[in-house]
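In: Predicted model follows, preceded by the sequence.
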Amino acid sequence: SQQGEEDPQALSIQEGENATMNCSYKTSINNLQWYRQNSGRGLVHLILIRSNEREKHSGRLRVTLDTSKKSSSLLITASRAADTASYFCATRDTGNQFYFGTGTSLTVIP
Amino acid sequence: KAGVTQTPRYLIKTRGQQVTLSCSPISGHRSVSWYQQTPGQGLQFLFEYFSETQRNKGNFPGRFSGRQFSNSRSEMNVSTLELGDSALYLCASSLVLGDSYEQYFGPGTRLTVT
């Protein structure tokens, strides 16, 4: 499969803790995007990191990208119950096929 | 600005029937993509349209087709429905073609095939 793999598949933490999820992909990319999905609804774009960037911040989100290892991580700091959702990484390969990772299901316990 | 809208939100069809789903992108967005989401296969790319032309296509059988109109609205059609076509179908729009732009997703159409 050309899909990215995300790790862990599921994560459960206490409110206020940090959550880290990882994504690995298989092809060369121009950029990598992270999305959030709440309970079977549409996806919401969180952050985009370009292939020449190593780290990017947006509010409580921190994304890293290691193109040599074909991997990315998403860190959510000071988690809140409202962060409970599934998180997906997404890439487009050189053939313009768009792929989503398998997703990490995050549960933040109040 | 209104978001991406998809109609209908829920649909129940019988095996062998066909179905048409509709997507209205954000005003000014010219690229529309479709995805199928199932518990087993996850999110899979169906196709992408830009300026009324299909630009990219995923690995789905020919029963899955789509089109885009001059106002950028898009429809996807699934013919001869199978039980395995039961899924959440998501439409996403972006300003232009290419992966440098974020996609805005609609709420999805949940299709159940019985």
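Out: That came through, no problem.

In: Show me the shaky parts of chain A.
Out: Chain A contains residues with pLDDT under 70 at A:1-3, A:40, A:94-96.

In: if you go through it in chain order, where are the helices?
Out: Applying DSSP state H to chain A gives no helices.

In: Near chain B, which residues of it are found?
Out: A:3, A:29-31, A:33, A:35, A:40-45, A:48, A:50, A:88, A:91-92, A:96-103 (Cβ under 8 Å from any Cβ of the partner chain). Every C-beta, even on glycine, is put in place using the N, C-alpha and C of the backbone.

In: do that again at 6 Å, thanks
Out: Contact residues, chain A versus chain B (Cβ under 6 Å from any Cβ of the partner chain): A:30, A:31, A:41, A:42, A:43, A:45, A:92, A:96, A:98, A:100, A:102.

In: which two from the residues you listed end up farthest apart in space?
Out: Maximum pairwise distance among the residues of chain A next to chain B (Cβ to Cβ): 27.5 Å, between A:30 and A:41.

In: separation between the residue positioned nearest the centre of chain B and residue A:90?
Out: By Cα atoms, centre = their mean, chain B has its centre lying nearest to residue B:34, at 3.1 Å. Using Cβ to Cβ, to the nearest Å, one gets 14 Å for the distance from residue B:34 to residue A:90.

In: again with residue B:45
Out: Distance check for residue B:45 against residue A:90: by Cβ to Cβ, it reads 10 Å.

In: still on that earlier bit, turn the residues of chain A next to chain B into JSON lines, including distance to residue B:107 and neighbour count.
Out: Shown next, in JSON lines, are the residues of chain A next to chain B (distance: Cβ to Cβ, whole Å; neighbours: other Cβ atoms under 10 Å in any protein chain shown):
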{"residue": "A:30", "distance to residue B:107": "28", "neighbour count": "14"}
{"residue": "A:31", "distance to residue B:107": "25", "neighbour count": "19"}
{"residue": "A:41", "distance to residue B:107": "6", "neighbour count": "15"}
{"residue": "A:42", "distance to residue B:107": "5", "neighbour count": "21"}
{"residue": "A:43", "distance to residue B:107": "10", "neighbour count": "27"}
{"residue": "A:45", "distance to residue B:107": "15", "neighbour count": "17"}
{"residue": "A:92", "distance to residue B:107": "23", "neighbour count": "21"}
{"residue": "A:96", "distance to residue B:107": "26", "neighbour count": "14"}
{"residue": "A:98", "distance to residue B:107": "19", "neighbour count": "21"}
{"residue": "A:100", "distance to residue B:107": "17", "neighbour count": "23"}
{"residue": "A:102", "distance to residue B:107": "22", "neighbour count": "18"}
